[in-house]
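[1] Sharing a sequence plus its predicted fold:
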Amino acid sequence: MIETIYVEKAIKNHPRTKLILEKFKKSRIISINKYGEIFNKRNQNFRIQKTNPCLILAYKKDSFVLPAPKGFGIGSSNNFYFSHMYNCIYDCRYCFLQGMYSSANYVVFVNFEDFDNAIKKTIKNNNGSKITFFSGYDCDSLALENVTGFAKHILSFFKTYSQIEIEFRTKSIQKEPFLSMKPMQNVILAYSLMPELMSNSLDNKAPSISKRIRVISELASKGWKIGLRFDPLIFGQNWKELYRELLENIFKNITPNNLHSVSFGSLRFPKKMFKNIFKLYPKEPLFTSPFSLNNKMISYDIEIEEEMTSFCKNLSLKYINEDQIFKCSI
Ligand code: SF4
């Protein structure tokens, strides 16, 4: 239940604002000028806000589509991302958003059509190259779908661009709008996964790994392309056994033809972000792992990273081809 919803004056009569507010009849509505007044306030406490976040409905003015960082991709030469939302309803202990934003409130931009225009322009400007767009870099792309309807909207846009890939990255078990549509070959439903034992203590409020695997299996059997994202890879006791069990369990539950790609990325944070997150959880065992500073990033020691990646990659090669495997190195 969201108790308070801030609405920018400029979009108070926007049809999408009305549609969203319809779903929260009991919430307190407060009118504001700009979302930044609430979202960017100084001296906010992320942890306290996370216990009862507010929703902010806003109008996005610019920067609808941005180039994805180098090292983030699944085979295309040109990669871009967009975020219709800032922040997430889940609370993963390692989430970089908590080190990036001082507020845990959710911002949802209602002017979806401006995203369409910016995507169209990006496609035109990159005519002839293989492009992938990533939805949900600053949020989980599907977790709040039943409130925002963004995925449903953007899927109908990508229907007319069948050569252009779009990836929805998620930990949610949201099956709509996918079950009620014919599968689209340019859409990748990409699930972040880690061994259940680790997920139980790190992926707070997110659906369990077994539930995620059931949904992956169902959507794959309907013909949707699936991406498996083992990112971050988490180091800990018995990690080899835990990852072996997880990978074998997933691969035996997916129709191989509908597996688009697998990617691995180890746990890493920009130095400043790590400091911010560490301040939030000084006692969290995850942050006392054997970290070191590599290329301005705090991450596991290089040997650990490499051992984990090659172990998981070798296991995956029993089920998929090498050209379907990617390493995320941002
Ligand atoms: S699902 Fe992703 S965006 Fe949401 S809290 Fe977890 S890591 Fe952050």
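    Thanks, I have it. Keep in mind that this is a model prediction, so the values were computed, not measured. Numbering: from 1, shown residues only.

[2] in the stretch 201-330 of the chain, which spans are helices?
    Using DSSP state H, counting those that start in this stretch, the helices of the stretch 201-330 of the chain run over 209-221, 239-252, 271-280, 302-316.

[3] Worst mean pLDDT among those?
    Of all these, helix 271-280 carries the lowest average pLDDT, namely a mean of 89.

[4] list the helices and strands it packs on?
    When contacts are defined as 3 or more CB pairs under 8 Å, 6 or more residues apart in numbering; DSSP states H and E, helix 271-280 sits against helix 97-100, strand 297-300. (Each C-beta comes from the backbone N, C-alpha and C, glycine too.)

[5] hmm, try it at 7 Å
    Helix 271-280 sits against helix 97-100, with contacts defined as 3 or more CB pairs under 7 Å, 6 or more residues apart in numbering; DSSP states H and E.

[6] Put together JSON lines for the helices of the stretch 201-330 of the chain, with distance to residue 130 on each row.
    Formatted as JSON lines, the helices of the stretch 201-330 of the chain follow (distance: least, CB to CB, whole Å):
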{"stretch": "helix 209-221", "distance to residue 130": "23"}
{"stretch": "helix 239-252", "distance to residue 130": "26"}
{"stretch": "helix 271-280", "distance to residue 130": "31"}
{"stretch": "helix 302-316", "distance to residue 130": "23"}
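
[7] which stretch among those helices comes nearest residue 62?
    With CB to CB, the closest approach to residue 62 among the helices of the stretch 201-330 of the chain belongs to helix 271-280: 23.8 Å.

[8] Show me which residues of that closest one are buried.
    Within helix 271-280, the residues scored as buried using 16 or more other CB atoms under 10 Å are 273, 274, 276, 277.

[9] of all those, which comes closest to residue 23?
    Looking across the buried residues of helix 271-280 and measuring by CB to CB, the closest to residue 23 is residue 277, at 31.7 Å.

[10] And residue 309, how close does it get to residue 249?
    20 Å (CB to CB, to the nearest Å).

[11] Give me the more crowded residue out of these two.
    For residue 309 versus residue 249, the count of surrounding residues by other CB atoms under 10 Å is larger for residue 309: 19 against 15.

[12] residues touching the more buried one, list them.
    By CB atoms under 7 Å, 6 or more residues apart in numbering, the contact set of residue 309 is 233, 264, 266, 327.

[13] could you flag which of the residues you listed are buried?
    By neighbour count, with 16+ other CB under 10 Å, the contacts of residue 309 hold 233, 264, 266 as buried.

[14] Mind putting the residues you listed into TSV with distance to residue 296?
    Listed next are the buried ones among the contacts of residue 309 as TSV, based on distance: CB to CB, whole Å:
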residue	distance to residue 296
233	20
264	21
266	15
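
[15] Just the ones of those in strands?
    233, 264, 266 (DSSP state E).

[16] which one among those gets closest to residue 162?
    Closest approach to residue 162 among those (CB to CB): residue 264, at 28.4 Å.

[17] OK, contacts around that closest one?
    Each residue near residue 264 by CB under 7 Å, 6+ apart is listed here: 230, 231, 233, 309, 312, 313, 327, 328.

[18] For the ones in strands among the buried ones among the contacts of residue 309, give me JSON lines that also has pLDDT.
    JSON lines is the format used below for those (pLDDT from 0 to 100):
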{"residue": "233", "pLDDT": "97"}
{"residue": "264", "pLDDT": "96"}
{"residue": "266", "pLDDT": "88"}
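
[19] List just the one of the helices of the stretch 201-330 of the chain that sits closest to residue 84.
    Once the helices of the stretch 201-330 of the chain are compared by CB to CB, helix 209-221 is nearest, at 21.1 Å.

[20] Please list the residues outside that closest one that contact it.
    Contacts of helix 209-221 (CB under 7 Å, 6+ apart): 171, 173, 175, 178, 189, 191, 193, 196, 199, 226, 249-250, 253-255, 258.

[21] now do stretch 122-141
    By CB under 7 Å, 6+ apart, stretch 122-141 touches 65, 68, 73-74, 76-83, 85-88, 90, 97, 119, 151, 154, 161, 164-172.

[22] which outside residues touch stretch 59-71?
    So stretch 59-71 is in contact with 8, 10-11, 79-82, 109-111, 114-115, 118-119, 122, 134, 328-330, going by CB under 7 Å, 6+ apart.

[23] Show me which of these are buried.
    Listed as buried from these are 8, 11, 79-82, 109-111, 115, 118-119, 122, 134, 328-329; burial here means 16+ other CB under 10 Å.

[24] Tell me where the stretch 1-150 of the chain has strands.
    Along the stretch 1-150 of the chain, counting by DSSP state E, counting those that start in this stretch, strands occupy 4-8, 28-32, 55-58, 66-67, 78-82, 85-86, 91-92, 106-109, 131-135.

[25] tell me the contacts of the residue of the stretch 151-300 of the chain found nearest the ligand?
    Nearest to the ligand in the stretch 151-300 of the chain, going by CB to the nearest ligand atom, is residue 171, at a distance of 4.4 Å. Neighbouring residues of residue 171 by CB under 7 Å, 6+ apart: 90, 140, 192, 203, 206, 207, 212.
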